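S.K.: Below are the sequence and a predicted model; questions follow.
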Amino acid sequence: MPFAPVVSASQLDSFIARLQTIAIVYLPKVVTAVVLLIIGWWVIGWASRLVAAATNRLDVSLSSFLTSMFSIALKVMLLITVAGMVGFQTTSFVAIIGAAGLAVGLALQGTLANFAGGVLILIFKPFTVGDVIESQGKSGTVQAIQIFNTLLLTPQGDTVILPNGATSNGVITNKAHPQRAQVEVQLELDSATDLADLRHQALPLMQGLDQVLDTPTPQLSIVSLKPGATMQVAFQVYTLPGQEAAVRNQLIEQLQLLLAKPQEAASA
């Protein structure tokens, strides 16, 4: 029995004709898409190098992050464009990217608020680098105003990182513009203490402290009287902004030495 061919000559001719039709219709699109992909990929690499050069003055990690985000965004747009040229339906891809962008935006809500706060600080300048400020319960000298955070250097030498969002929306005390700052130390003393003698000894001591201003002059005053034959006494001096912590430490130490003298004399 002779072997019958699976595909007849007419079917083969029809299949070849269909391939030719597909090639004529889609081959130019495929070639154009491939050329566009190659050229676009090269252009994206060139543009990414420009972005890297433009952000090289920023932090290395931030510069790398911005360059990578720029490159990925352009490559995704290029791939969607090429897929659409070939004939793929790109509506679903765009919807997925939109949903992903919304999710990322919600996840980075706090970060975006810090970015907006940094922009507001740079525009309205409630403080600048070098100012002594107090915000969110922290005080120190402004070392840098970054995109998302503000860096403070405290008198103790610690670096405090303040988020720009909360800083721009909160209360900021700028101590750079005043010409002096008050330092006050309150002590609880016996109500029988001779204030005239204490003032006679304490005022020259406070005036002799380093970094204490001559005017306004140091003061000693009673703040309140408390039950139990005690009184609250305030020792007040003035210094330059940013020197409060050092002056306070000196004042506390000297007052302790001064108030210990009568006890030592009595025990002797």
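M.R.: Right, received. Where do you want to start? Residues are numbered from 1 along each chain as shown.

S.K.: Stretch 126-144: how far from the chain's middle?
M.R.: 13 Å (Cα atoms, centre = their mean, to the nearest Å).

S.K.: average pLDDT across it?
M.R.: In this model, stretch 126-144 has an average pLDDT of 87.

S.K.: With stretch 83-95 instead?
M.R.: 71.

S.K.: try stretch 251-267
M.R.: 73.

S.K.: what do you get for stretch 196-205?
M.R.: Here the average pLDDT along stretch 196-205 is 90.

S.K.: which residues in the stretch 51-200 of the chain form helices?
M.R.: 60-86, 91-107, 109-124, 164-169, 195-207 (DSSP state H, counting those that start in this stretch).

S.K.: Next, the buried residues of the first one.
M.R.: Going by neighbour count (16 or more other Cβ atoms under 10 Å), the buried part of helix 60-86 is S63, L66, T67, F70, S71, L74, K75, L78, V82, M85. Glycine gets a C-beta too; all of them are placed from N, C-alpha and C.

S.K.: on that earlier part again, now distance to S224 too, for the helices of the stretch 51-200 of the chain, in a markdown table please.
M.R.: Formatted as a markdown table, the helices of the stretch 51-200 of the chain follow (distance: least, Cβ to Cβ, whole Å):
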| stretch | distance to S224 |
| --- | --- |
| helix 60-86 | 52 |
| helix 91-107 | 52 |
| helix 109-124 | 40 |
| helix 164-169 | 35 |
| helix 195-207 | 14 |
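
S.K.: nearest to Q136, of those helices?
M.R.: For Q136, the closest of these is helix 164-169, at 6.1 Å, according to Cβ to Cβ.

S.K.: quick one: buried residues of that closest one?
M.R.: Neighbour count says helix 164-169 has N164, G165, T167, S168 buried, by 16+ other Cβ under 10 Å.

S.K.: same question, stretch 174-188
M.R.: N174, K175, A181, V183, V185.

S.K.: Contacts for that stretch, please.
M.R.: The contact list for stretch 174-188 (Cβ atoms under 8 Å, 6 or more residues apart in numbering) reads 126-127, 130-134, 139, 213, 216, 223, 226, 230-244, 247-248, 251-252, 255, 259.

S.K.: Give me the domain ranges for the chain.
M.R.: With domains defined by automatic domain parsing, the chain comprises 9-107, 126-174, 181-267.

S.K.: which ones are touching the closest residue to P126 other than its chain neighbours?
M.R.: Leaving out its chain neighbours, the residue that sits closest to P126 by Cβ to Cβ, 6 or more residues apart in numbering is I172, at 5.2 Å. Applying Cβ under 8 Å, 6+ apart, one finds that I172 lies in contact with P126, F127, I133, E134, S135.
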